[in-house]
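Peer 1: pasting the structure only:
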């Protein structure tokens, strides 16, 4: 069903919201109609299909994921490298001296802890029978905790000793040289990180573009095979939008899903893990505002998602306005409608701009809100950490934050890691937007690919002899829309080699009858049979392979004359093409009027040729096809009388070799018919036997 919508009009059907550009015919079942409901698992169904198709390239995805993990690790490590720099700057000691002090301190603490454990064990063994079971359990718990602390201290000491050995072997003794050495290492690691990011983007881009290229090929091939009702529902603009904009949106969504959607969370996790090693309780305190941050992100993503669905719809309308104006440029210029079409395009682009500005507004607004909450989280951590350092405390309001008082350098690195986590968090908002848009694009693409044909192929098609013996219509009735019949109980039998003419006023049903004969539609009632076999039991390619159609609206491609004639028979030789052109009385103008003869390009839709020339080339194409049934639908309406008489001579010579169905008002061609039928209001009102034309 088509609905003419006005600017900013909204049609809601079953909870679906549709917005379109001004004066654009929009199929209500077209693929860009996207629900503006919350983005749930059902919404991601088709996007998951694209992901599953991507898994065929699992090696590239695994390598890209490895790159993401390495990037995240380097990101956190680069921030962690600030710790020794700050420590060396504040203390003026070499790294070896600082590590030696740490080892000495750890050794002292280890000795104290060992003594504590020894004392607790001695106390436990000295308990006599008067001690209660509860006292013994409490003491055993203290021993267990002391041993756990001792184990952690031994691990810390071993780590400090390894670091000291590593520093003695590789790090300069001078503090300033050490800082320069660390900065050089930081530069190298940054270069490696960006090389890994480049590799990640190339790998993911390669996979995504392959998937979308495959989808585009499938969509294009599907579009070429669409039945007429489905094609009219989508329209050329809708299909073009699917092949271009929707495919690009899906590409970007897949790139972000496998790339940034993996890399940025890993960077956040790497920073949070680093911060947890410094003080995990302080990290939990900094995440108090996280629920508010999640709520804000979800709110803005929901708004952005709804706007993305509108952009998809408006993009289809945008394509339709362009295609209509440029495809009918002669009519536009002939009626001096350039200004009106310009205003129509201006209205459409203005509508798109309004929606795009809404997208920019909400996308831009989400960033300061996200950043504000992130700053609030960091501010809360700064206050808490500063309180611990200034007051030499390990508790805040009787809540234990750290086992030991924090140092300034540890707190600075902790802040750096939190800031490092906030940057990828900010980027994730844009990543989610592109994934949402990609998911909606996937819906439009896969909806088209999954569309069930209104003209289905039989599961086991029947094969009939070539050529057929008879074509028959039995009680055929057809209507495009309910309550408005176009054909009414039409019956007709045409033996092979027979020629018939069908006359009738415009709208009487002649062209619809031709559409049914080519099985572009199926009758609502009745049957069309070939050799007594229903069309529905024959392969569509078998039916159309027997028919050649030359219509009033000649369709040519922007290729050479040779290619256009050979289009229906690609294996034909050049001599056969020329012979077909001679039979269609096109050879003379091709060789004398066209600059490059048969190698002349005819322009888009054959615009470099006259109407009569186009029709003769189309007739040559049909003759070269050697059809069993030749349908001429006003095929000589633009041909001069002399040429038409010559074409009649050719068709007369072909009589008996194929079935000819002529729809015309030209008396010369009617004379070729063995029978002439007059159609009125979808019915044959009369049949006249005519004398066969003698060549």
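Peer 2: Yes, it's here. What you are looking at is a predicted structure, and each value in this text was computed from that prediction instead of being measured. Numbering: from 1, shown residues only.

Peer 1: which ones are touching the closest residue to residue 561 other than its chain neighbours?
Peer 2: In space, residue 561 comes closest to residue 598 once its chain neighbours are excluded; the distance is 4.9 Å by Cβ to Cβ, 6 or more residues apart in numbering. Backbone N, C-alpha and C define where each C-beta goes, glycine included. The contact partners of residue 598, taken as Cβ atoms under 8 Å, 6 or more residues apart in numbering, are 560-562, 565, 574, 577-578, 581, 590-591.

Peer 1: elements contacting the helix or strand residue 614 falls within?
Peer 2: Assigned by DSSP states H and E, residue 614 falls within helix 611-624. If you count contacts as 3 or more Cβ pairs under 8 Å, 6 or more residues apart in numbering; DSSP states H and E, helix 611-624 packs onto strand 547-550, helix 561-565, helix 574-583, helix 587-593, helix 641-654.

Peer 1: can you rerun that using 10 Å?
Peer 2: Judged by 3 or more Cβ pairs under 10 Å, 6 or more residues apart in numbering; DSSP states H and E, the packing partners of helix 611-624 are strand 547-550, helix 561-565, helix 574-583, helix 587-593, strand 629-633, helix 641-654.

Peer 1: Give the buried residues for it.
Peer 2: When burial is assessed from 16 or more other Cβ atoms under 10 Å, helix 611-624 yields the following buried residues: 612-624.

Peer 1: try stretch 672-690
Peer 2: For stretch 672-690, by 16+ other Cβ under 10 Å, it's 672-674, 676-679, 682-684.

Peer 1: of the residues you listed, closest to residue 154?
Peer 2: Relative to residue 154, the closest of the buried residues of stretch 672-690 is residue 682; by Cβ to Cβ it sits at 96.4 Å.

Peer 1: ranges for the helices of the stretch 401-550 of the chain?
Peer 2: Along the stretch 401-550 of the chain, the stretches classed as helices by DSSP state H, counting those that start in this stretch are 408-449, 510-517, 540-545.

Peer 1: what mean pLDDT would you report for the last one?
Peer 2: Going back to what we said before, that points to helix 540-545. Averaged across helix 540-545, pLDDT comes to 89.

Peer 1: now that helix: how far from the chain's centre is it?
Peer 2: 33 Å (Cα atoms, centre = their mean, to the nearest Å).

Peer 1: Just the residues contacting it, thanks.
Peer 2: The contact list for helix 540-545, computed with Cβ atoms under 10 Å, 6 or more residues apart in numbering, reads 225, 227, 453, 455-458, 461-464, 466, 517-520, 528, 530, 535, 539, 568, 625, 627-629.

Peer 1: mind checking which of the helices and strands packed on helix 611-624 is nearest residue 289?
Peer 2: Nearest of the helices and strands packed on helix 611-624 (Cβ to Cβ): helix 561-565, 67.1 Å.

Peer 1: Quick one: list the elements packing against the closest one.
Peer 2: Against helix 561-565 (3+ Cβ pairs under 10 Å, 6+ apart) you get helix 574-583, helix 587-593, helix 611-624.

Peer 1: Could you rerun that using 6 Å?
Peer 2: helix 611-624 (3 or more Cβ pairs under 6 Å, 6 or more residues apart in numbering; DSSP states H and E).

Peer 1: got the angle between the helix it packs on and helix 574-583?
Peer 2: 130 degrees (axes from the mean of the first three to the mean of the last three Cα atoms, to 10 degrees).

Peer 1: The helix holding residue 614 - what's its average pLDDT?
Peer 2: On average, helix 611-624 scores 86.

Peer 1: ok and that helix relative to helix 641-654, angle-wise?
Peer 2: Using the same axes, to 10 degrees: helix 611-624 against helix 641-654 is 10 degrees.

Peer 1: Show residues contacting helix 611-624.
Peer 2: Residues from elsewhere that reach helix 611-624 (Cβ atoms under 6 Å, 6 or more residues apart in numbering): 548, 550, 554, 556, 564-565, 567-569, 572, 580-581, 583-584, 586, 589, 606, 635, 638-639.

Peer 1: can you rerun that using 7 Å?
Peer 2: 548, 550, 554, 556, 561, 564-569, 572, 576-577, 580-581, 583-586, 589, 606, 630, 635-636, 638-640, 643, 647 (Cβ atoms under 7 Å, 6 or more residues apart in numbering).

Peer 1: are any of those residues buried, and which?
Peer 2: Using 16+ other Cβ under 10 Å, the buried ones in the contacts of helix 611-624 are 548, 550, 554, 556, 561, 564-569, 572, 576-577, 580-581, 583-586, 589, 606, 630, 635-636, 638-639, 643, 647.
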